[in-house]
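Enquirer: Next one to model:
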Amino acid sequence: MKKVWLLIVPISLMIIIFILSSMPYEQQDIRPYLKETISLQDTPSFQFTYDGHVVSTTEPYEFIEFLIRKAGHVLGYFVLTIIWLVVLSKLISSVKLVVFLSFILSAGYAGLDEFHQSFTPGRTGHVIDVLAVDLPGVLLAIFTFCLVRWRKSVR
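Expert: The predicted model follows:
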C-alpha cells in the first residue's frame with residue numbers, strides 16, 4: 001500500500017482541470033493575445049458546424065482559439081489518462097482492469113467537468129465536447145499505452 005501515494009498525481013491534475021473549468025471564459029480568452037501577436041490576412045475560407053454553431057475562418061482569431069481550446073482538451077485528457085494508466089498499473093496487476101478503470105475515471109471526469117462548466121460564467125457544458133474532444137484524448141492514451149506494452153512484450 002506504499003504506492004497509494006501515487007494517486008496524488010492524477011488527482012492533482014484533476015484538481016487543476018477543475019480550477020481551469022471554474023475560470024470564466026473572459027479570463028481564458030486568448031483572442032486579444034492572438035490579435036496582438038499574429039497578423040492574419042487572406043486566410044483561406046473554411047467552416048464547419050460544431051454543436052449548432054458555425055466555426056469559420058471568416059473570424060480567424062475565434063477559429064484559432066477554438067482549435068487551441070479543443071486541442072488543449074484532447075491533450076489534457078490524454079495526459080490524465082496516461083497518468084491513470086501508469087499509476088494504476090503500479091497498484092493493480094490486471095492490465096484489463098487498469099485500462100477499464102483509467103477509461104472510467106478519465107471519461108467520467110470529462111463528463112463531470114462539462115457539467116461543472118455549465119455553472120461557470122461564460123462557459124458551457126456540452127456532451128459533444130466529451131464525445132468529440134475529451135474522449136478521443138482518452139482513447140488515444142489507452143491505445144498508446146497498449147501499443148507500448150505490446151511492443152515491450154514482443155521484444
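
Enquirer: can you pull the contacts of I38?
Expert: 61, 64 (Cβ atoms under 8 Å, 6 or more residues apart in numbering). Glycine gets a C-beta too; all of them are placed from N, C-alpha and C.

Enquirer: May I have stretch 119-127 as PDB, with CA atoms only?
Expert: In PDB, the C-alpha atoms belonging to stretch 119-127 read as follows (Å, rounded to 0.1, in the frame of the first residue of the first chain):
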ATOM      1  CA  PHE A 119     -22.300  26.600 -13.900                       C
ATOM      2  CA  THR A 120     -19.300  28.800 -14.800                       C
ATOM      3  CA  PRO A 121     -20.000  32.300 -16.200                       C
ATOM      4  CA  GLY A 122     -19.300  32.500 -19.900                       C
ATOM      5  CA  ARG A 123     -18.700  28.700 -20.200                       C
ATOM      6  CA  THR A 124     -20.900  26.000 -21.400                       C
ATOM      7  CA  GLY A 125     -21.100  22.300 -20.800                       C
ATOM      8  CA  HIS A 126     -21.800  20.200 -23.900                       C
ATOM      9  CA  VAL A 127     -22.000  16.400 -24.400                       C
END
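
Enquirer: Grab the most central residue of this protein for me.
Expert: H73 (2.6 Å; Cα atoms, centre = their mean).

Enquirer: burial of the residue lying closest to that residue once chain neighbours are set aside, as a residue count?
Expert: The shortest distance from H73 to any non-neighbouring residue, by Cβ to Cβ, 6 or more residues apart in numbering, is to V133 (4.5 Å). V133 has 21 neighbours, counted by other Cβ atoms under 10 Å.

Enquirer: Now do the SS call for V133.
Expert: helix (DSSP: H, G, I helix; E, B strand; the rest coil).

Enquirer: Contacts only, for it.
Expert: 70, 73-74.

Enquirer: okay if I get the residues you listed as TSV plus pLDDT?
Expert: Output for these, formatted as TSV (pLDDT from 0 to 100):
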residue	pLDDT
K70	94
H73	95
V74	97
